[in-house]
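In: please find the sequence and the predicted model below.
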Amino acid sequence: MYSQAMSLRDRFDDRSMLLADMLFEYDFLGVYEDPAIRPDDDEEYDDLVSTLRDGLDAGLSAAELSEVFASVLRSHYGLESASAAEELSFIERVHVRWHETP
């Protein structure tokens with residue numbers, strides 16, 4: 001029998017999908033050549049959704065969440081140069097969208 005593994009995305013609600021979509025659009029690694037074309041395997045950054053969501057649910061400010069996000073980029077993605085200051089613009093957009101979406 002063939003069984004397909006469940007992906008993180010299979011458990012995402014609408015708000016988690018919002019974050020996944022924003023990460024896809026941000027594409028900090030540059031894995032998606034053309035942002036206008038959404039590939040079938042667009043789950044590259046789904047592991048970061050919980051990082052963002054946990055911070056947003058905990059009420060972290062954009063600056064605080066930017067620190068957490070940059071830390072995860074350094075530790076899990078090997079981006080040694082990732083900094084909170086560099087990521088702040090993206091995290092501010094995340095904050096705005098999160099708080100305007102029911």
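Out: Nice, thanks for sending it over.
In: gap between G59 and H99?
Out: 11 Å (C-beta to C-beta, to the nearest Å). The C-beta positions use only the backbone N, C-alpha and C, and glycine is treated the same way.
In: if you could redo that for L79, that was the one I meant.
Out: 27 Å.
In: between these two, which one's more packed in?
Out: Relative neighbour count places L79 above the other of L79 and H99, with 16 against 9, counting by other C-beta atoms under 10 Å.
In: and E92, how far from G78?
Out: As it turns out, when the distance is counted by C-beta to C-beta, E92 lies 25 Å from G78.
In: so those two - more neighbours on which side?
Out: For E92 against G78, the residue with the higher neighbour count under other C-beta under 10 Å is E92, and the figures read 15 against 8.
In: show me the contacts for that one.
Out: Shown here is E92, whose contacts under the criterion C-beta atoms under 8 Å, 6 or more residues apart in numbering are A62.
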